[in-house]
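In: Here is the input, now give the coordinates:
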Amino acid sequence: MKTIDLHLHSTYTDGSYSPAELVRKAKEIGLSAIAVTDHDNLIGYTEAKVEADKVGIEILPGIEMSTIYQGRKLHILGLGMNIEDSEFKKQYKKIRAPKEECLDTILERLQKRGVDISREKITPYANHQFDRYAVMRFFAANKKQADVQYIWDEYLNPATEGLQINTPTQEAIVMIRQAGGVASLAHYHKGIGLKGLSIEEKEKWLKELKHMGLNGLEAMYSNFTPEEEGLAKKWVEKFGLIPTGGTDFHGDNRPSYKLGIGNGSLQIPYAWFERIKEVCRY
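Out: This next block holds a predicted model:
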């Protein structure tokens, strides 16, 4: 069976492999199509596309947007957008601005905690994007933290507390849809998702999100239980959503999630990629 992985992260945010390396590894294990979906970041797509064309694997433009709705953080995957669309480029610049403008505040807060850090020190880890992911990579390289989640929990999340850096969910969905893409709710079962809500409340939220323009749902994911996957597939049918699927692969920064197979048995069908291509404009 031809399989895909539409949720991958590269060194441009918090993954350990470059976009080109992700493409080559995906080809090596026999995947037929992928999407690099870095956090609020599109810079790796060009590199990935060049390599994908070279090795012969299909690829979609992708992004994972950090959004906020009614006080809850939601991750919205954008797949298959026309990233050269003028309005999309304008909105992308808008969402990037607060993430880079808050960097000095983050550095000051970390310095007050006794961390020896500065713009100069994080420059080698910036990859042309001076944001909190540059700080994360600095910590990973210099503090030798094996657990990237620990870096977020102990340093980055406290340093960004109260900062308005997440995009309103509706803005993110509209931005993706107007550029011809699929806007899909990622990992609904997590805290950055709908965790803690009853099934009835989750369905109420999905109905509201669909009204905003959400047209996809991540229906296969690395650590879904059979029950969670079953619910996701039920909601795809109930709300008329396009199923998307991915491992949320971060390479060595999240070793339990394996490329293409998640926790070991994930097989995301190529037919889902074909369905996304039917509705996209990229």
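In: what's the offset of whichever helix or strand Ala159 is part of from the middle of its chain?
Out: Using DSSP states H and E, Ala159 sits in helix 157-160. Its chain's C-alpha centre and that of helix 157-160 lie 19 Å apart, by C-alpha atoms, centre = their mean, to the nearest Å.
In: repeat for stretch 152-171
Out: Put simply, stretch 152-171 sits 15 Å off its chain's centre (C-alpha atoms, centre = their mean).
In: Please enumerate residues in contact with it?
Out: Residues from elsewhere that reach stretch 152-171, judged by C-beta atoms under 8 Å, 6 or more residues apart in numbering: 40, 65-69, 73-74, 76, 91, 95, 98-99, 102, 105-106, 109-110, 113, 115, 132, 135-136, 139, 209, 212-213. Any C-beta I mention is one placed from the backbone N, CA and C, and that applies to glycine too.
In: rerun at 7 Å
Out: Stretch 152-171 is contacted from outside by 65-69, 73-74, 76, 95, 98-99, 102, 105-106, 109-110, 132, 135-136, 139, 212, using C-beta atoms under 7 Å, 6 or more residues apart in numbering.
In: Could you turn the buried ones of those residues into a PyMOL selection?
Out: A single PyMOL command selects the buried members of those (16 or more other C-beta atoms under 10 Å):
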select buried, resi 65+66+67+68+69+74+76+95+99+102+106+109+110+132+135+136+139+212
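In: Mind checking which of the contacts of stretch 152-171 land in helices?
Out: The helices, defined by DSSP state H, take in 95, 98-99, 105-106, 109-110, 132, 135-136, 139, 212 from the contacts of stretch 152-171.
In: and of those residues, the nearest to Ile192?
Out: Lowest distance from Ile192 to the ones in helices among the contacts of stretch 152-171 (C-beta to C-beta) belongs to Arg132, with 14.8 Å.
In: what's around the residue nearest to Ala186 when sequence neighbours are not counted, how many residues?
Out: Nearest residue to Ala186, sequence neighbours excluded (C-beta to C-beta, 6 or more residues apart in numbering): His75, at 4.1 Å. Per other C-beta atoms under 10 Å, the neighbour tally for His75 reads 25.
In: Can you name the residues that contact His75?
Out: Contacts of His75 by C-beta under 7 Å, 6+ apart are 64-66, 186-187, 192.
In: give me that answer again for 10 Å
Out: Each residue near His75 by C-beta atoms under 10 Å, 6 or more residues apart in numbering is listed here: 7, 37, 39-40, 64-67, 166, 169, 172, 184-188, 190, 192-193, 218, 248.
In: for this protein, what spans make up the helices?
Out: Assigned by DSSP H, the helices in the chain fall at 19-28, 45-55, 86-101, 103-112, 119-122, 132-142, 148-151, 157-160, 169-178, 199-212, 226-238, 270-279.
In: which residue is nearest the middle of this structure?
Out: In the chain, the C-alpha closest to the average C-alpha coordinate belongs to Glu64, at a distance of 2.9 Å (C-alpha atoms, centre = their mean).
In: quick one: pLDDT of it?
Out: The per-residue pLDDT reported for Glu64 equals 98.
In: go on, Gln145?
Out: As predicted, Gln145 sits at a pLDDT of 59.
In: So the protein: which segments form each domain?
Out: Per automatic domain parsing, the structural domains of the chain span 3-95+165-279, 103-160.
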